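K.L.:
sequence below, structure please.
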Amino acid sequence: MRFDLTDLRLFLNIHEAGTITGGAEASHMTLASASERVRGMEDTLGAPLLLRERRGVRLTPAGHTLLHHARLVVRQIDVMQGELGDFGEGLRGHVRMQCNTSAMSEHLPGVLSGFLAAHPRISVDLEERGSTDVADALRHGVCEVGMLSDAVDLDGLEVFPFRSDPLVLLVPRDHVLASHRSVNLADVVQAPFVGLTEGSTLQETVAQQARRLGHRLDYRVRLRSLDSVCRLVGLGIGLGVVPRAVALRCARAMRVKGVPLSGTWAARSLVLCVRRMDTLSPPARQLVAHVLASSGSGSGKA
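P.N.:
Residues are numbered from 1 along each chain as shown. As a prediction, this is how the structure comes out:
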């Protein structure tokens with residue numbers, strides 16, 4: 001069975017586009033050529049990879065298996081080409097990393113700047129994603145290193161504790177709750193809220209807790225950044241739930257106060273994850289070691 005790299009890239013593009021036509025365009029080939037390549041792959045395999053439907057294509061079970069392996073192969077080729085190309089540019093390698101919003105805004109900038117200063121010949125491609133997406137990206141080999149909340153499914157990953165990242169209820173500084181030592185979400189579940197856009201792991205965590213209390217939060221507005229949430233909470237638009245580090249940073253400038261939330265669900269932590277330490281590239285292992293050293297952590301769990 002032989003699938004070349006062009007076949008695999010085409011198949012990935014077809015999956016992303018949802019149509020053979022779209023995949024052909026993304027692969028810079030004609031529709032006839034793309035269709036012929038897909039038929040060739042299916043003939044070689046002896047089983048269909050795609051189900052042709054009126055509005056596009058769907059993957060068969062064999063197609064899903066090929067998708068998984070194609071992602072791994074293409075990613076490895078891209079890494080190889082990137083690292084070999086880096087030698088000619090004076091770089092020694094690069095690391096692909098994904099992290100959640102809290103890590104990106106509060107915890108990683110200082111740690112990462114220290115790593116880059118200490119390793120001038122290593123570059124890092126850092127992408128912000130929801131924690132669930134980061135875990136999936138690690139499992140599928142899209143990135144080597146991830147920093148995410150321990151509130152999501154981490155099955156199949158090697159996990160290293162990084163820092164405590166508890167959630168707090170964000171209120172205006174002059175709000176009646178601002179003087180409370182802690183607050184239960186049940187006591188404010190009917191208040192208007194300011195939150196992040198759908199797809200945020202943090203927001204889904206809060207929504208899930210509200211559902212357990214038999215309520216659905218009333219969002220006045222949903223925004224893309226934690227700083228924007230803090231700004232509107234300070235203006236009295238509604239309450240918010242944010243990581244404690246965000247509340248502390250924004251407290252003075254935006255006139256807000258973070259009140260600790262009671263309940264184990266809010267006592268979350270950030271963790272550093274990899275798929276397998278023994279398969280990481282040398283630059284990725286160096287990055288992991290640097291990050292864990294900054295947190296005082298050195299052991300992981302499967």
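K.L.:
switch to C-alpha atoms for all contacts and neighbour counts from now on
P.N.:
Will do.
K.L.:
export only the CA atoms of stretch 170-187, formatted as PDB.
P.N.:
Taking C-alpha atoms only, stretch 170-187 is exported to PDB below (Å, rounded to 0.1, in the frame of the first residue of the first chain):
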ATOM      1  CA  LEU A 170     -15.600  39.200  39.500                       C
ATOM      2  CA  VAL A 171     -17.600  42.200  40.700                       C
ATOM      3  CA  PRO A 172     -17.400  46.000  40.600                       C
ATOM      4  CA  ARG A 173     -15.300  47.300  43.400                       C
ATOM      5  CA  ASP A 174     -18.300  49.000  45.000                       C
ATOM      6  CA  HIS A 175     -20.600  45.900  44.700                       C
ATOM      7  CA  VAL A 176     -22.300  44.500  47.800                       C
ATOM      8  CA  LEU A 177     -20.400  41.300  47.400                       C
ATOM      9  CA  ALA A 178     -16.900  42.900  47.100                       C
ATOM     10  CA  SER A 179     -16.500  42.700  50.900                       C
ATOM     11  CA  HIS A 180     -17.400  39.000  51.200                       C
ATOM     12  CA  ARG A 181     -14.600  36.500  51.900                       C
ATOM     13  CA  SER A 182     -16.200  34.000  49.500                       C
ATOM     14  CA  VAL A 183     -19.400  33.500  47.500                       C
ATOM     15  CA  ASN A 184     -21.300  30.500  46.200                       C
ATOM     16  CA  LEU A 185     -22.300  30.500  42.600                       C
ATOM     17  CA  ALA A 186     -25.800  29.500  43.700                       C
ATOM     18  CA  ASP A 187     -26.200  32.900  45.400                       C
END
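K.L.:
residues in contact with it: which ones?
P.N.:
For stretch 170-187, the surrounding residues in contact (CA atoms under 8 Å, 6 or more residues apart in numbering) are 169, 210, 213, 230, 233-236, 238-242, 247, 255-263.
K.L.:
mind listing what's buried along it?
P.N.:
Neighbour-count burial for stretch 170-187 flags 170, 171, 172, 173, 177, 178, 183, 185 (criterion: 16 or more other CA atoms under 10 Å).
K.L.:
any weak-confidence spans in this protein?
P.N.:
For the chain, the stretches with pLDDT under 70 are 1, 79, 81-92, 296-302.
K.L.:
residue ranges of the strands in the stretch 51-200 of the chain, please?
P.N.:
Taking DSSP state E, counting those that start in this stretch as the test, the strands found in the stretch 51-200 of the chain are 56-59, 93-99, 122-128, 145-149, 158-164, 167-172, 192-196.
K.L.:
the second one pairs with which strands, parallel or anti?
P.N.:
Taking DSSP bridges as the criterion, strand 93-99 forms sheet pairs with strand 122-128 (parallel), strand 145-149 (parallel).
K.L.:
ok now the last one, how far from the chain's centre?
P.N.:
Its chain's average C-alpha position is 7 Å from that of strand 145-149, according to CA atoms, centre = their mean, to the nearest Å.
K.L.:
please apply the same query to the longest one.
P.N.:
Remark: strand 122-128 is offset 13 Å from the chain centroid, using CA atoms, centre = their mean.
K.L.:
one step back: just the buried residues of the contacts of stretch 170-187.
P.N.:
The neighbour-count test (16+ other CA under 10 Å) marks 169, 210, 230, 233-234, 236, 238-242, 247, 255-262 as buried among these.
K.L.:
follow-up on the earlier one: keep only those of the contacts of stretch 170-187 that are in strands.
P.N.:
169, 240, 241, 242, 256, 257, 258, 259, 260 (DSSP state E).
K.L.:
make a markdown table out of the buried residues of stretch 170-187 and add distance to residue 191.
P.N.:
Compiled in a markdown table, the buried residues of stretch 170-187 are given as follows (distance: CA to CA, whole Å):
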| residue | distance to residue 191 |
| --- | --- |
| 170 | 12 |
| 171 | 11 |
| 172 | 13 |
| 173 | 16 |
| 177 | 12 |
| 178 | 15 |
| 183 | 13 |
| 185 | 10 |
